[in-house]
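**Student:** sequence first, then the predicted structure, then my questions.
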Amino acid sequence: MDNHQLILVLDFGGQYNQLIARRVREHNVYCEVKPYQTTIEEIRAMDPIGIIFTGGPNSVYDEKSPKCDPAVFELGIPVLGICYGCQLMAHTLGGEVTAAQADTAREYGKTETFYNTSCKLFRGLPEKGISWMSHGDYMAKVPEGFALVGHTEMCPTAAIADEVRGFYGVQYHPEVNHTENGSLMLKNFLYEICHAKGDWTMEDYKNTSIKAIREKVGSGKVLLALSGGVDSSVAAALLAEAVGDQLTCVFVDHGLMRKDEGDEVEAAFAKWKFHFVRVDAEQRFLSRLAGVEEPESKRKIIGEEFIRVFEEEGKKIGKVDYLVQGTIYPDVIESGAGDAAVIKSHHNVGGLPDFVDFKEIIEPLRLLFKDEVRQLGRELGLPEYLVMRQPFPGPGLGIRVIGDVTKEKLDTLREADFIFRDEIAKAGLTQTMNQYFAVLTNMRSVGVMGDGRTYDYTLALRSVTTTDFMTADWTRIPYEVLDRVSVRIVNEVKHINRIVYDITSKPPATIEWE
Ligand code: XMP
């Protein structure tokens, strides 16, 4: 990375590795995640100001377990080992790591931990707090030169430090939210120990990405799927900035948009210097979705149809080399990258057909979390209303009409969803929730309106408060607001006679219903 201090995150296969990177960047220090096999020459060439070893599922005493070149300890730069990374450091430098005897030092989950605050890693922080542990191995003996700087009831070696050489190891995971002050410990590593200047900002990310995109694309033609959501909008602005009129943004109006959204998107992007194509594909999507009830099938159909439309548009433009997607990191994780379980196949990742008629897919936001994407959008000069727009799933209202999707049901949902959003805005609550929408269930029930019996649909309202969309809490919307929404919807929208509010968090529920 030109002109920036670098923290190198050496990846030993742990589940929170990208989270470590996110935390480091949140403290305005650039970092890159590289495989543990990265050679010492490559590391030297990168010239990092510090190295973080991630966790990993292995045991260091297994011969085949991943190990980095021990010469990293001779570079004269600070190293922080986390979990497996901590054990590897101890093992490599002459300590002893063994399988924890049952009921002694094996720890999983939230654990009360005590810290020595004279150690730079814990400087200015409380002397005790909850940490997130997940280790079956135990450091029976720490290497020479190391002091014990953190302990739990079961484990005297929860944190170790050789302050002279700048080597630190923690058994717990400071990168996860469950570890109290974990982010500040990482900050201490960056600023107190590695003497970071904090020279990484989204402005830099923007400039570097633009440069990288230009180099990659050359004089090629680029096609981008613009949905009007934050991710694709930011990707569009980034690409527009990088390759201007080589870019065509295709906005597929699949008929699964919210009320007036198609027109809004068109209006918002009219001023940008790229080719904007709006394809009216409502009929096409609805006929393919007719009679399909199973959520995963709907997602697959919508995802595939998207790609087909892009291919066709691409062919109209002439040769298209690159397809841009606004995939962001939580999508990648939840679509079952690696061995993680597939929860839903997000249409812009897992649902891609095998054959795509483009040279390559570019995903410029793939490593960014939502808050970083918004920040990047601001850097690119996108208006605040677009940057702060709540996320909208690729399959759109297709997965918010439960079961069979028809135009009539979509229209009903659009009206109800609009009223919900309108009342939330009028109540001044938009900043207190991160995603809120209506779902048309396929359950019907008996009601009474005027003097007549009704037998109509139940509408569910959903609102969540979250930072990462991987976990979420349901929003405590004031009753009087819910009441106004309910009264308006049953009065103004045909075919809805009952409103319910979803009070489940994620997990165990997901944010969307399908
Ligand atoms: P879930 O329902 O999995 O949703 O808790 C997490 C976040 O992802 C959005 N979402 C999608 N986004 N393509 C997308 O781009 C999809 O297929 C998709 N499915 C869900 C959802 O709205 C929430 O913000």
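**Tutor:** Perfect, I can see it now. Numbering: from 1, shown residues only.

**Student:** count of residues packed around Y329?
**Tutor:** Residues lying near Y329 (other Cβ atoms under 10 Å) number 22. Using the backbone N, CA and C atoms, a C-beta is placed for each residue, glycine as well.

**Student:** pretty sure it contacts L368?
**Tutor:** Yes. At 6.3 Å, Y329 counts as touching L368 under the criterion of Cβ atoms under 8 Å.

**Student:** then I302 would be within a helix, right?
**Tutor:** Yes. Membership of I302 in a helix is supported by DSSP: H, G, I helix; E, B strand; the rest coil.

**Student:** wait, isn't it in contact with L289?
**Tutor:** Yes. The pair I302 and L289 qualifies as a contact (Cβ under 8 Å) at a distance of 7.4 Å.

**Student:** common neighbours of the two, please.
**Tutor:** Residues touching both I302 and L289 (Cβ atoms under 8 Å, 6 or more residues apart in numbering): G398.

**Student:** name the nearest residue to L226, sequence neighbours excluded.
**Tutor:** Leaving aside its sequence neighbours, L226 sits nearest to C249 (Cβ to Cβ, 6 or more residues apart in numbering; 4.2 Å).

**Student:** again with F189
**Tutor:** L80 (5.0 Å).

**Student:** now do R288
**Tutor:** Excluding its sequence neighbours, the residue lying closest to R288 (Cβ to Cβ, 6+ apart) is I301, at 5.3 Å.

**Student:** how about D321?
**Tutor:** G220 (3.5 Å).

**Student:** and that neighbour, that's in a strand?
**Tutor:** No. G220: not assigned to a strand; according to three-state DSSP it is coil.

**Student:** that one touches Q246, doesn't it?
**Tutor:** Yes. Between G220 and Q246 a contact is recorded at 6.8 Å, counting by Cβ under 8 Å.

**Student:** more neighbours: which of the two?
**Tutor:** In this view G220 and Q246 are compared by other Cβ under 10 Å, and Q246 has more residues nearby, 20 against 14.

**Student:** and the protein, what are its domains?
**Tutor:** Listed by automatic domain parsing, the domain ranges of the chain are 6-193, 202-387, 400-501.

**Student:** neighbours of the residue in the stretch 151-300 of the chain that the ligand sits nearest to, how many?
**Tutor:** Residue of the stretch 151-300 of the chain nearest the ligand, by Cβ to the nearest ligand atom: R299 (5.9 Å). The number of residues packed near R299 is 22, by other Cβ under 10 Å.

**Student:** low-confidence bits of the stretch 301-450 of the chain, can you list those?
**Tutor:** In the predicted model, the stretch 301-450 of the chain carries pLDDT under 70 at residues 330, 332-357.

**Student:** let's go with 50 and repeat that
**Tutor:** Low-confidence segments of the stretch 301-450 of the chain (pLDDT under 50): 336-342, 347-356.

**Student:** could you do the chain as well?
**Tutor:** 1, 336-342, 347-356.

**Student:** what values do phi and psi take at the residue lying farthest from the centre of it?
**Tutor:** The C-alpha centroid of the chain is most remote from D451, which lies 50.2 Å away (Cα atoms, centre = their mean). D451 adopts backbone torsions of phi -100, psi 10, taken as degrees, to the nearest 10.

**Student:** also the one 5 residues further on?
**Tutor:** Note on D456: its backbone torsions stand at phi -130, psi -180 [degrees, to the nearest 10].
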